[in-house]
Every structure is written in structure tokens, then in C-alpha cells.
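Visitor: A structural model of the following input is requested.
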Amino acid sequence: MLKIITNPNPILRKKSQEVADLNSSEMQNLISEMVDTMIRADGVGLAAPQIGKNIRLVAIHFEGKNYVMVNPVIVQKSIFKEWGEEGCLSVPGIAGEVKRPRSLKLNFIDENGERQTLQARKMLARIIQHELDHLDGVLFIDKAKQLKPTLTNG
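Guide: The predicted structure is shown next:
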């Protein structure tokens, strides 16, 4: 399992660079380790900056499916927004309400190097926006209201 970096580590505040060589064995291993780490940490998403890599790569686990998104770009957002509670593996013990567009359209490259377009709504759209914020050095606590402690298993 990869080590998850927590706030206030400055790596979390840097803008990430595009992935240049997706096909290297190092990159494929990193993708596999990120997905494994996300699932073992009981997370729904993990962005590369959270494991110390400032590259535009995220892994998402939603409704039993894993999504790997390389160089993701949101190309359309709903004008309709809604509040929802968020937490973060890099900001343990805190949750807060964040207002985000309800749906979006996203272009990215998958782990096999294939270009993909995804329409996402509700919770999947929220998870994607949260993870893509990490790629720009933004944490949910920057946008949240009503921050509160969360119950932990600790």
C-alpha cells in the first residue's frame, strides 16, 4: 500500500503536470498500486498528488467499478449545483459541505491509453470534481462550509 500524504504537506498544493509516458512499466505499476491503495484505504478516489506524485492521474472506485483517468479535462459542467458532504484521505477526521455542479462531461485517457469521454451525474460527478481539484492543488476544505470532525475507526 502506498503512503497517503496528508494536509498540510506542500505537495498537495502544487499544480500537477500532464502524464507523458503512460505505457512505461513504472506508470502501469503506479496505476495498479494507486487503485489497490484507494480500495484498501476504503476511499472512493485517489489522486496522484495524494501519494506524492504531481502528475495528472486519478483513480476512482464507484458502484463496483474502477476508473483510471489520465490527463482528465472537464469539458462541460451543469449550471445546476448542489451541496454534498465530502471527506478526504488526505484530510483525515474532517468532513464538510461542498457545492459542486450536479453533472459534467469529461475527457481522459484510460489505463490502456484509450481516449474516453464520460458523462457523470450526482455522486460520480462529485467524486470526479473532488479528485480533479487535487490535480490543481485544491483541497475540499478550501471550498467547504460547516467543517466538522468525522467518526473514525481509530
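
Visitor: can we go C-alpha only for contacts and neighbour counts from here?
Guide: Fine.

Visitor: So Lys122 sits against Ser103, correct?
Guide: Yes. Counting by C-alpha atoms under 8 Å, Lys122 does reach Ser103; the two are 6.1 Å apart.

Visitor: okay, and for the protein, where does confidence drop off?
Guide: Applying pLDDT under 70 to the chain flags residues 151-154.

Visitor: Take the longest helix belonging to it, keep the C-alpha atoms, and write them as CSV.
Guide: Scanning the chain for the helix with the most residues, using DSSP state H, yields helix 25-40. Extracted as CSV, the C-alpha positions of helix 25-40 are listed here (Å, rounded to 0.1, in the frame of the first residue of the first chain):
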residue,chain,number,x,y,z
SER,A,25,6.1,-0.3,-16.7
GLU,A,26,6.7,2.2,-13.9
MET,A,27,3.5,4.1,-14.8
GLN,A,28,1.4,0.9,-15.1
ASN,A,29,2.7,-0.3,-11.7
LEU,A,30,1.9,3.1,-10.2
ILE,A,31,-1.7,2.9,-11.6
SER,A,32,-2.1,-0.6,-10.2
GLU,A,33,-0.7,0.5,-6.8
MET,A,34,-3.0,3.6,-6.7
VAL,A,35,-6.1,1.5,-7.3
ASP,A,36,-5.1,-1.0,-4.7
THR,A,37,-4.2,1.7,-2.1
MET,A,38,-7.5,3.5,-2.7
ILE,A,39,-9.5,0.4,-2.1
ARG,A,40,-7.5,-0.8,0.9
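
Visitor: one step back: so if I had to pick from Lys122 and Ser103, which one is more boxed in?
Guide: Ser103 (22 against 15; other C-alpha atoms under 10 Å).

Visitor: which residues pair with that one across the strands?
Guide: Beta bridges link Ser103 to Arg121 when assigned by DSSP bridges.

Visitor: Quick check: it vs Gln50, distance?
Guide: Remark: distance between Ser103 and Gln50 (C-alpha to C-alpha, to the nearest Å) = 24 Å.
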